[in-house]
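K.L.:
Return a 3D structure for these sequence lines:
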Amino acid sequence: MTPFAPQQRPLMTVDVFTATPYKGNPVAVVLDAEGLDDAQMQAFARWTNLSETTFVLPPSAAGRAQGADYRVRIFTPAAEMPFAGHPTLGTCHAWLQHGGQPQVQGRVVQECAKGLITIARSNDGLAFATPYTQALPLPANLHHIYEALGITNAQVMDAAYMDNGPHWLCLLLDSPDTVLSLAPDLARLKALGHKVGVTALYDEEDATPLIGRACREAEAFATGLRTALPPSAQLEVRAFSTTGVEDPVTGSLNGSLAQWLIAQDHIQAPYMANQGACVGRDGWVSITQDAQNQVWVGGQTVTCVEGTALL
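P.N.:
Sure, this is the predicted structure:
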């Protein structure tokens with residue numbers, strides 16, 4: 001048996017849900033992963049220590065027959081995932097920048113363990129069609145999760161447990177100020193074993209949250225990280241993973257939130273969600289819905305690192 005010989009493989013690190021480098025959520029993308037086995041992919045993802053690292057492969061025969069342009073495998077430092085939102089957009093960005101040519105102009109079809117994901121291209125960036133999402137029974141330890149977040153039942157306007165690949169406990173809270181002021185016990189949330197997403201609607205008649213957003217905008221201008229006013233957010237979002245950290249900007253969560261909140265008439269598409277303020281990021285997620293009621297999750301993407309990796 002011929003020993004495996006590492007080779008230089010194209011690598012990009014792409015920041016997702018931002019047009020400003022280092023203000024979104026990064027993903028490392030290995031653009032030619034043929035020949036790598038599961039253990040090698042997992043070891044590299046553990047080494048990058050990003051929330052996700054992806055590996056691009058040719059589509060399977062079945063995937064290609066259904067229109068897939070490429071296949072991707074998505075790894076956290078601990079395990080492989082069937083689907084994740086910001087890695088989907090970041091991988092598509094890297095594949096296109098590396099010269100990928102989709103079979104259908106303006107649309108890219110990604111094959112992953114969740115199935116085929118359609119990604120639309122426009123002047124506003126990339127957007128993925130949310131995969132099949134189902135509601136699950138709420139966790140039995142819900143009150144312990146509230147305690148770990150530091151919230152009361154009265155502050156929770158609605159709750160759902162959603163599965164679109166990742167499982168997200170989605171909580172609609174009473175105000176953006178409540179969302180932004182949370183100081184959760186991350187170690188306890190990790191021990192409880194559920195990904196938790198919290199959100200709240202901005203009320204156009206409520207000036208207090210707008211002041212908070214204005215302060216963030218002023219800080220960005222002062223540091224030179226933003227050169228234009230951002231769009232107004234209708235939703236503030238935060239995400240707490242099962243790894244004991246807060247996720248900067250989360251595509252899968254925003255997809256689940258959108259499908260749930262729209263179905264329950266809490267909000268109508270199109271809208272913009274803001275995420276990442278409490279971890280020094282400024283992610284903007286665009287939610288739209290087409291005539292077939294398909295929900296799309298989109299945003300800007302930008303290359304931050306480009307080179308090769310010896311794998």
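K.L.:
Which helix or strand contains residue 254?
P.N.:
For residue 254, the enclosing helix or strand under DSSP states H and E is helix 251-263.
K.L.:
just checking, what packs against that helix?
P.N.:
Packed against helix 251-263, as judged by 3 or more C-beta pairs under 8 Å, 6 or more residues apart in numbering; DSSP states H and E, are the following elements: helix 85-97, strand 156-163, strand 167-173, strand 195-201, strand 235-240, strand 271-275, strand 283-289, strand 295-299. The C-beta positions use only the backbone N, C-alpha and C, and glycine is treated the same way.
K.L.:
I'd like the ones you listed laid out as JSON lines, including mean pLDDT and mean neighbour count.
P.N.:
Shown next, in JSON lines, are these (pLDDT from 0 to 100; neighbours: other C-beta atoms under 10 Å):
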{"stretch": "helix 85-97", "mean pLDDT": "98", "mean neighbour count": "27"}
{"stretch": "strand 156-163", "mean pLDDT": "98", "mean neighbour count": "17"}
{"stretch": "strand 167-173", "mean pLDDT": "98", "mean neighbour count": "23"}
{"stretch": "strand 195-201", "mean pLDDT": "98", "mean neighbour count": "23"}
{"stretch": "strand 235-240", "mean pLDDT": "98", "mean neighbour count": "25"}
{"stretch": "strand 271-275", "mean pLDDT": "97", "mean neighbour count": "24"}
{"stretch": "strand 283-289", "mean pLDDT": "97", "mean neighbour count": "23"}
{"stretch": "strand 295-299", "mean pLDDT": "97", "mean neighbour count": "25"}
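K.L.:
possible to save these as a markdown table with distance to residue 24?
P.N.:
Converted to a markdown table, the helices and strands packed on helix 251-263 look like this (distance: least, C-beta to C-beta, whole Å):
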| stretch | distance to residue 24 |
| --- | --- |
| helix 85-97 | 8 |
| strand 156-163 | 23 |
| strand 167-173 | 19 |
| strand 195-201 | 17 |
| strand 235-240 | 13 |
| strand 271-275 | 9 |
| strand 283-289 | 5 |
| strand 295-299 | 8 |
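K.L.:
sorry, back to before: angle of the helix holding residue 254 against strand 235-240?
P.N.:
Put simply, helix 251-263 runs at 130 degrees to strand 235-240, going by axes from the mean of the first three to the mean of the last three C-alpha atoms, to 10 degrees.
K.L.:
Now do helix 251-263, average pLDDT.
P.N.:
For helix 251-263, mean pLDDT rounds to 97.
K.L.:
Could I get the CA-only coordinates of that helix as CSV?
P.N.:
Presented in CSV, the C-alpha positions along helix 251-263 are these (Å, rounded to 0.1, in the frame of the first residue of the first chain):
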residue,chain,number,x,y,z
GLY,A,251,-26.9,30.9,9.2
SER,A,252,-28.7,27.7,10.3
LEU,A,253,-30.2,29.5,13.3
ASN,A,254,-31.4,32.4,11.3
GLY,A,255,-33.0,30.0,8.8
SER,A,256,-34.8,28.2,11.6
LEU,A,257,-35.8,31.5,13.2
ALA,A,258,-37.2,32.8,9.9
GLN,A,259,-39.3,29.7,9.1
TRP,A,260,-40.7,29.7,12.7
LEU,A,261,-41.3,33.4,13.1
ILE,A,262,-42.9,33.8,9.7
ALA,A,263,-45.1,30.8,10.2
